[in-house]
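J.: Got a sequence here, can you build the structure:
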Amino acid sequence: MYNERIECLINAALADGKLTEKEKQILFKNAQEQGIDLDEFEMVLEARLTELEKVKKEAAPKSNKYGDVRKCPACGSMVPAFKGVCQECGFEFTNVDANLSSKQLADKLLKEDSVEKKIEIIETFPIPTSKADLLEFLTSLKPRLMGEQNQYTNAYSKKYLECIEKAKTAFEGDKQLQRFIDDYPEIEKIIKSMRVKQNIGKIISWIRGHQAATVVIIVSILTFIFFTYVCIDLEESRIEDEASRKTFQVALANGNLDKAKEILSESPSYSRAQSLIEAYIANDDVDNAIYVYENVGPSHCSRYEMNFSMYCHGEYEKTCMKLIYEKLIEHKQFDKAWGYHPLDYEGDTYVGNASCYYQYMTDVIISLCKKGEKSEAKKFINEKSLWFEKYVDNGDFREDYMKDFSYTVAKQKLLRIINNY
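T.: Reported below is the predicted structural model:
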């Protein structure tokens, strides 16, 4: 986030998990010399200190047993030398120098002026062996990767990756370290993106200082670089999507719909969302079908917009809404069903949607009549036909709709449907 010297000073000051007044004065003095806003700097320091305290609290050692051993002192099981936790009882092997790595690295870097030497120190610095030290070390390295790229970023990136690999092998399954493992792909993308932006910025600055004839060549190079990265990203996305598709299909085929829903949330797709909604409807689970449509699948158009090809996603909305609509009527969730009926005009109370509401009422009445529930159908008409009185008889532009959908006309036509059964 800040330059190398400031970051080293911060890590040295926070290495013991405390921030004395003297350390604060030194940090603020250096920050002021670098033109850093002091209020912002104080907020960053407090955030770093809070994060370190949280990490130390979560990773508090469970035992005072130190050093590398082959036999677990808690349960007697044999433990591989490279493992930091006993796989049988969970006993954690710690080191007497735990939580000192960040300070040691900061101290070494402060003693060197040479950029090359500092890079060598970072690259050869030993990976912490205890969980507590590894957690703190990862916490201190992360800000260096997320800030502005410099000559040390690549070295820190390599060291961070080494720590991630250590966490995977020595502390497999640990929840505190797992969050760093899970976050790493996103951090890698951010580093790559920032590196590309900085390189392009440097090239653009160079172009401004040279003749126009050179610009054509540079623009060609930039275009090549841009499309190279675009192609790489597209290929990576294609591979990830293909893997996600296969995993989704396996979960769906095995009837593990909740797993399929989880996969869909990570990689939304219209075709997959429709398949999952169809599966939930087939299982008579309309609530989960609605949840997928509204919250998990890709964004969808409104009941009005879906009538226009420019908004429609390959009939996705029409198909899914029809499935949900029919299932809600079957479950007698009539009010909810109206929310999934297509509209001719925007706004479900607009008089222009009278024919839509009439069709909705017709569908409900037919469903009830098929089940022999005519009395319930009549009750539904008496309650819901008031929509026509409110929005047709007394609404704006009613002249064009009174003939077919006034309260009296609509109610009579609906009652006639019941009489035909």
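
J.: Least confident secondary structure element in this protein?
T.: The weakest-scoring helix or strand in the chain, judged by mean pLDDT, DSSP states H and E, is helix 212-253 (a mean of 65).

J.: next structured bit after that helix?
T.: helix 257-266 (DSSP states H and E).

J.: Centre of the chain to the next helix or strand after that next one, how far?
T.: Counting by DSSP H and E, the next helix or strand C-terminal to helix 257-266 is helix 270-282. Centroid displacement of helix 270-282 relative to its chain, using CA atoms, centre = their mean, to the nearest Å, is 22 Å.

J.: burial of residue 54, as a residue count?
T.: Residues lying near residue 54 (other CB atoms under 10 Å) number 13. The way it works is simple: take the backbone N, C-alpha and C, and place the C-beta from them, glycine included.

J.: got the buried residues for stretch 323-336?
T.: 323-329, 334 (16 or more other CB atoms under 10 Å).

J.: what's the distance between residue 160 and residue 281?
T.: 46 Å (CB to CB, to the nearest Å).

J.: cool, and residue 29?
T.: 66 Å.

J.: more neighbours, the two?
T.: residue 281 (19 against 10).

J.: Residue 291: how many residues sit nearby?
T.: Residue 291: 15 neighbours (other CB under 10 Å).

J.: Spatially central residue in this structure, please.
T.: residue 266 (7.3 Å; CA atoms, centre = their mean).

J.: what sits against the residue nearest to that one when sequence neighbours are not counted?
T.: Leaving aside its sequence neighbours, residue 266 sits nearest to residue 244 (CB to CB, 6 or more residues apart in numbering; 6.9 Å). With contacts defined as CB atoms under 8 Å, 6 or more residues apart in numbering, residue 244 is in contact with 263, 266-267.

J.: can we see that at 10 Å?
T.: 263-264, 266-269, 272 (CB atoms under 10 Å, 6 or more residues apart in numbering).

J.: Show me how to select, in PyMOL, the buried members of the residues you listed.
T.: Per 16+ other CB under 10 Å, the buried members of these correspond to this PyMOL selection:
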select buried, resi 263+264+267+269+272
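
J.: Just give me the closest of the contacts of residue 244 to residue 16.
T.: residue 266 (39.9 Å; CB to CB).

J.: Quick one, grab the pLDDT at the closest one.
T.: pLDDT for residue 266: 84.

J.: just residue 299 next, same as before
T.: The model's pLDDT for residue 299 equals 83.

J.: Also residue 406?
T.: pLDDT, residue 406: 93.

J.: now swap in the one 3 residues further on and tell me
T.: In this prediction, residue 409 carries a pLDDT score of 93.

J.: Not counting sequence-adjacent ones, nearest residue to it?
T.: Spatial nearest neighbour of residue 409, excluding adjacent residues (CB to CB, 6+ apart): residue 403 at 7.3 Å.

J.: before we move on, which element is that neighbour in?
T.: Applying DSSP H and E, one finds residue 403 within helix 402-405.

J.: following that helix, which helix or strand comes up?
T.: Counting by DSSP H and E, what follows helix 402-405 is helix 407-419.

J.: Check which helices and strands that following helix is in contact with.
T.: On a contact count with 3 or more CB pairs under 10 Å, 6 or more residues apart in numbering; DSSP states H and E, helix 407-419 meets helix 354-370, helix 374-384, helix 386-388, helix 402-405.

J.: quick one: that helix to helix 374-384, angle?
T.: 170 degrees (axes from the mean of the first three to the mean of the last three CA atoms, to 10 degrees).

J.: please begin residue numbering at 11 from this point
T.: All right, first residue 11 from here; so that's helix 417-429.

J.: orientation of helix 417-429 relative to helix 364-380 in degrees?
T.: Angle between the axes of helix 417-429 and helix 364-380 is 30 degrees (criterion: the same axes, to 10 degrees).

J.: Show residues contacting helix 417-429.
T.: Contacts of helix 417-429 (CB under 10 Å, 6+ apart): 364-365, 367-368, 371-372, 374-376, 378-379, 384-385, 387-388, 390-392, 394-404, 411-416.

J.: List only buried entries from those residues.
T.: 364, 367-368, 371, 374-376, 378-379, 387, 390-391, 394-395, 397-398, 401-403, 411-412, 415-416.

J.: From the chain's centroid, how far away is the helix or strand hosting residue 152?
T.: Residue 152 is located in helix 141-156, with elements delineated by DSSP H and E. Per CA atoms, centre = their mean, the displacement of helix 141-156 from the mean C-alpha position of its chain is 22 Å.

J.: could I get the helix or strand following that helix in CSV with only the CA atoms?
T.: Tracing the chain C-terminally past helix 141-156 and defining elements by DSSP H and E, one meets helix 163-180 next. C-alpha atoms of helix 163-180 as CSV (Å, rounded to 0.1, in the frame of the first residue of the first chain):
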residue,chain,number,x,y,z
THR,A,163,6.3,-7.0,-5.9
ASN,A,164,7.5,-10.0,-7.8
ALA,A,165,9.7,-11.2,-4.9
TYR,A,166,6.9,-10.8,-2.4
SER,A,167,4.5,-12.5,-4.8
LYS,A,168,6.8,-15.6,-4.9
LYS,A,169,7.2,-15.6,-1.2
TYR,A,170,3.4,-15.3,-0.6
LEU,A,171,2.9,-18.3,-2.9
GLU,A,172,5.5,-20.3,-1.0
CYS,A,173,3.5,-19.6,2.2
ILE,A,174,0.3,-20.6,0.6
GLU,A,175,1.9,-24.0,-0.5
LYS,A,176,3.2,-24.4,3.0
ALA,A,177,-0.3,-23.8,4.4
LYS,A,178,-1.8,-26.4,2.1
THR,A,179,0.7,-29.1,3.0
ALA,A,180,1.5,-28.5,6.7
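
J.: now for helix 163-180, which elements pack on it?
T.: Judged by 3+ CB pairs under 10 Å, 6+ apart, helix 163-180 is in contact with helix 125-134, helix 141-156, helix 185-218.

J.: buried stuff in that helix?
T.: In helix 163-180, counting by 16+ other CB under 10 Å, buried: 163, 165-167, 169-170, 173-174, 176-177, 180.

J.: Looking at these, which is nearest residue 21?
T.: Distance to residue 21 across the buried residues of helix 163-180 (CB to CB) is lowest for residue 166, with 11.8 Å.

J.: hang on, the closest one packs against residue 147?
T.: No - at 11.3 Å, residue 166 does not count as touching residue 147 under the criterion of CB atoms under 10 Å.

J.: helix, strand or coil for residue 136?
T.: coil (DSSP: H, G, I helix; E, B strand; the rest coil).

J.: check contacts around the closest residue to it other than its chain neighbours.
T.: Excluding its sequence neighbours, the residue lying closest to residue 136 (CB to CB, 6+ apart) is residue 111, at 7.8 Å. By CB under 10 Å, 6+ apart, the contact list for residue 111 reads 21, 25, 105, 135-140, 143-144, 146-148, 150-151, 173.
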